[in-house]
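Student: This is a predicted model, with the sequence first.
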Amino acid sequence: MGMSATGHYIGGEWIEGAETFESHNPATGEPLGTFPRGTETDVAAAVEAAGSAFEGWRKLSYIDRAEHLWDVYTELKNRTDELGELVTRECGKEINEGRADIVEAAHMVEWPAGNARHPHGDVVPSEIAAKDSYMRRKPRGVVGCITPWNFPIAIPFWHMAVALVEGNTVVWKPAEQTPKCAHAIAELMIDAGIPDGVFNMVQGYGDTGAALVDHETVDTVLFTGSAEVGQGIASKVGGTPGKLAACEMGGKNAVVVTEHADLDLAVPAAVLSAFKTTGQRCVSAERVIVHADVYDEFKRRFVEAAAIVAIGDPLDGDTFMGPLIEADQRERVLGHNDLAREEGVEVLVDRGELDDDEIPEGHEGGHWTGPFVYETAYDPDLRCIHEEVFGPHVALIPYEGGVERAVELQNSTPYGLAGSIISEDYRQLNYYRDHAELGLAYGNLPCIGAEVQLPFGGVKKSGNGYPSAREIIEAVTERTAWTLNNSPDIELAQGLSAELKTDDQ
């Protein structure tokens, strides 16, 4: 896959930009393409195109709109290997994860496309026998989507597939790190015959996304990304009457291992949670909270695994961890490793700076790092166990007492996205389920691997919405409570009188 030159997609046309940027393979540093950097003018043109297309698109039936998405689904299924390799080349995920990104995208398109033929709305009994009451949903209008690089094909469809089937039009700002994947999505939309203006894409950086959020014609903003950016979007949009933002943000996620855990399950669950995607998932675990009774044995096994997980060419099927996405991210991760040392933790595994022989041949220009594992007693003043790193940086934290103490530690950060408990005691599992402050909770599983038919989002600092599957419908539609009187007379609820009284009476 060599260099390519591509544009924005606005109103059914490819648009060039005056200013451009390059995409690079994070495993090698190889340039992959040149892309236009969107301006406020580009965003305004895309929003105008989406607004103009809205009435025509919403007039189509659910089923007619979904037919376009079925064509996208078919392409994703037929091109899983090809597109999976593109994901791996541009964002550095190992090839199994690259393909899984495409499978997840297909699932996310399949859900709303199939849902188009299912019953919609809610019939609600009226206390008046002559009345019919029900709820209908209407599209909100222009939906602005801002998506991250770590699931460059899957997450855009979390946002856009439901929004489109529900009758909205879309302006999408993809991550600047993965513009070639974004271009591939635009081509899928074109091939599926999505009408001009219904889908629009503006490439660019944060200022492009900010222009999209600020535009007065954008009715809903769907955002997946960092807590800092998401909180700014939620705050800004929340102050605009009639505008809505659904934001899914980061976490300082934890795996809890109780004294009743099966360690044969606990260790791989923790390793997968911590090091899949090189720790660059919003749901990656950066804390493992382990009961003192099993701590020593768990630590021994976890440290052994972290010391030997396979780091290498992400296109090699034997690789477990690929590179970090970019140089700035590598510096961020290494900086957090330094912070942990400065705060006095006991370092158990330090593969932050890899030896030359650990970097695959021909990949010296990549952004390589490995697991960094340390142990520490819980301390509320330690930044290293409270701040999100977004990398393979993991604290082992022992605890004593019951599951209540473990959940207290789980809840001790400002985040509340994902977490997992490993235990053979159903009472512990149920306590965790009911008291962990999380949007995504797992029992006897890693805290990664969400399925698209479930809500995906967090609480506290991790989010204010669930931009996936069924729950995203709340963000991209308005509900109307409709009541129809079938009688020639007016009868009101709550015994309210419908009699008109006049002075002549």
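Tutor: Sure, I can see it. What you are looking at is a predicted structure, and each value in this text was computed from that prediction instead of being measured.
Student: which SS class is T208?
Tutor: helix (DSSP: H, G, I helix; E, B strand; the rest coil).
Student: Near the closest residue to it other than its chain neighbours, how many other residues are there?
Tutor: Closest residue to T208 apart from its sequence neighbours, by C-beta to C-beta, 6 or more residues apart in numbering: G38 at 3.9 Å. In short, each C-beta sits where N, CA and C put it, glycine included. Neighbour count of G38, defined by other C-beta atoms under 10 Å: 27.
Student: three-state assignment of G38?
Tutor: Quick answer, by three-state DSSP: G38 is coil.
Student: residues touching it, list them.
Tutor: Contacts were defined as C-beta atoms under 8 Å, 6 or more residues apart in numbering; by that measure G38 touches 8, 17, 173, 202-204, 208, 211.
Student: swap the cut-off to 7 Å and go again
Tutor: 8, 17, 202-204, 208 (C-beta atoms under 7 Å, 6 or more residues apart in numbering).
Student: ok, which stretches of this structure are helices?
Tutor: 40-59, 62-78, 80-91, 95-115, 154-165, 179-191, 206-214, 227-238, 263-275, 292-308, 327-342, 403-410, 426-435, 469-476 (DSSP state H).
Student: what's the closest of the ones you listed to S462?
Tutor: helix 227-238 (6.9 Å; C-beta to C-beta).
Student: Counting by contacts, list what that closest one packs against.
Tutor: helix 206-214, strand 218-224, strand 244-248 (3 or more C-beta pairs under 7 Å, 6 or more residues apart in numbering; DSSP states H and E).
Student: mean confidence for the first one?
Tutor: Looking back up the chat, that one is helix 206-214. The pLDDT scores in helix 206-214 average 97.
Student: Kindly tell me how buried the nearest residue to I15 once chain neighbours are set aside is, as a neighbour count.
Tutor: Nearest residue to I15, sequence neighbours excluded (C-beta to C-beta, 6+ apart): H8, at 4.4 Å. Residues contacting H8 under the criterion other C-beta under 10 Å number 27.
Student: Which pLDDT value goes with H8?
Tutor: At H8, pLDDT is 97.
Student: Thought M201 was touching it, still the case?
Tutor: Yes. Taking contacts as C-beta atoms under 7 Å, H8 lies within contact range of M201: 6.2 Å.
Student: The lowest-mean-pLDDT helix or strand in the chain packs against which elements?
Tutor: Every helix and strand of the chain was ranked by mean pLDDT, DSSP states H and E. The lowest is helix 469-476, at a mean of 83. On a contact count with 3+ C-beta pairs under 7 Å, 6+ apart, helix 469-476 meets helix 154-165, strand 218-224, strand 244-248.
Student: ok, of the ones you listed, where does mean pLDDT dip lowest?
Tutor: Looking at these, the bottom one is strand 244-248 with a mean of 91.
Student: separation between K236 and E40?
Tutor: Relative to E40, K236 is positioned 15 Å away (criterion: C-beta to C-beta, to the nearest Å).
Student: How about L263?
Tutor: 55 Å.
Student: When these two are compared, which one has more neighbours?
Tutor: Higher neighbour count among L263 and E40: L263, with 18 against 14, using other C-beta under 10 Å.
Student: Let's see the pLDDT reported for that one.
Tutor: pLDDT at L263 comes out at 98.
Student: wait, what's in contact with it?
Tutor: Taking C-beta under 7 Å, 6+ apart, one finds 294, 297-298, 301 in contact with L263.
Student: Now the residue nearest to the spatial centre of the chain: closest residue in space, sequence neighbours ignored.
Tutor: Taking C-alpha atoms, centre = their mean, the centroid of the chain lies closest to T224, which sits 5.0 Å from it. Excluding its sequence neighbours, the residue lying closest to T224 (C-beta to C-beta, 6+ apart) is E248, at 4.7 Å.
Student: cool, F21 as well?
Tutor: R37 (5.3 Å).
Student: do V218 as well
Tutor: Nearest non-adjacent residue to V218 (C-beta to C-beta, 6+ apart): G144, at 4.3 Å.
Student: now that neighbour, which residues is it bridged with?
Tutor: Here G144 sits in beta bridges with V171, V221, as judged by DSSP bridges.
Student: got a pLDDT number for the residue of the chain positioned farthest from its centre?
Tutor: Largest separation from the mean C-alpha position in the chain: D504, at 66.1 Å (C-alpha atoms, centre = their mean). According to the prediction, D504 has pLDDT 75.
Student: Contact partners for T277?
Tutor: 93, 97, 150, 284.
Student: nope, A498 is what I was after
Tutor: Contacts of A498 (C-beta under 7 Å, 6+ apart): 490-492.
Student: repeat that with 8 Å
Tutor: 489-492.
Student: Check G317 too.
Tutor: By C-beta under 8 Å, 6+ apart, the neighbours of G317 are 95-96.
Student: Near the nearest residue to K276 once chain neighbours are set aside, how many residues? Count them for me, please.
Tutor: Ranked by C-beta to C-beta, 6+ apart and with sequence neighbours excluded, the top spatial neighbour of K276 is I448, at 5.8 Å. Neighbours of I448 under the rule other C-beta under 10 Å: 21.
Student: now I448: how far from L440?
Tutor: 9 Å.
Student: Just give the nearest non-adjacent residue to P392, would you?
Tutor: G279 (3.9 Å).
Student: what's around that neighbour, how many residues?
Tutor: 23.
Student: so how far is E90 from it?
Tutor: 18 Å.
Student: surely A475 meets T220?
Tutor: Yes. Look at A475 against T220 with C-beta atoms under 8 Å: they come within range, at 5.6 Å.
Student: Since that was my last question, I'll sign off now.
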